[in-house]
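J.: 3D, please:
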Amino acid sequence: MSKLLLTERALTDIDAIERYSVERWGRRIADQYLADLDAALGRLEEDLSLFKGRHDYSGRLRFYNVREHTLVGDVVGDVGFVLTVWHGSMDFIDRLPRTEPGLLLEAEIMARQIEGERDADHAE
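T.: Prediction:
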């Protein structure tokens, strides 16, 4: 099994989705939506190749749709990173030039931290 990590930004996005869903549709519907997000994260952790590119984007980021949202991520080696969660109504192509460099930097920093932890584990 591969490893899937969520950034603080992704966790904050999911918290905002939960708050909005509870306010808009109530706790039961929000819990169903969160369960779908959790199931999607489990599928990604099992198979990082489920992260896909987009026909209108040629960069390194990868995407996975869950209902009305898209998990935006990157894969470095055998580790997947969910970097942010965007609503499908957001214009990806307009947003990516502004956000892509920071998102990729987050993934690289996290990947280096994991590699450092692995190196430390092997040194013991």
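J.: at which residues are the strands of the chain located?
T.: 3-6, 62-66, 69-76, 79-87 (DSSP state E).
J.: quick one: which of these is nearest residue 30?
T.: Judged by CB to CB, the one of the strands of the chain that comes nearest to residue 30 is strand 69-76, at 13.0 Å. (C-beta placed from N, C-alpha, C; glycine too.)
J.: now the helix ranked longest in the chain: mean pLDDT?
T.: Scanning the chain for the helix with the most residues, using DSSP state H, yields helix 92-123. Averaged across helix 92-123, pLDDT comes to 78.
J.: returning to that earlier point: output the strands of the chain in TSV; the columns should cover mean pLDDT, distance to residue 38 and mean neighbour count.
T.: Putting these into TSV (pLDDT from 0 to 100; distance: least, CB to CB, whole Å; neighbours: other CB atoms under 10 Å) gives the following:
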stretch	mean pLDDT	distance to residue 38	mean neighbour count
strand 3-6	94	11	17
strand 62-66	95	10	18
strand 69-76	93	12	22
strand 79-87	93	12	22
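J.: would you mark the buried spots in the longest helix of the chain?
T.: The neighbour-count check on helix 92-123 (16 or more other CB atoms under 10 Å) flags 92, 96, 99, 100, 103, 104, 106, 107, 110, 111, 114 as buried.
J.: before we move on, what about stretch 40-59?
T.: For stretch 40-59, by 16+ other CB under 10 Å, it's 40, 41, 44, 45, 48, 51.
J.: what is the neighbour count of residue 8?
T.: 8 (other CB atoms under 10 Å).
J.: who's in contact with it?
T.: By CB atoms under 8 Å, 6 or more residues apart in numbering, the contact set of residue 8 is empty.
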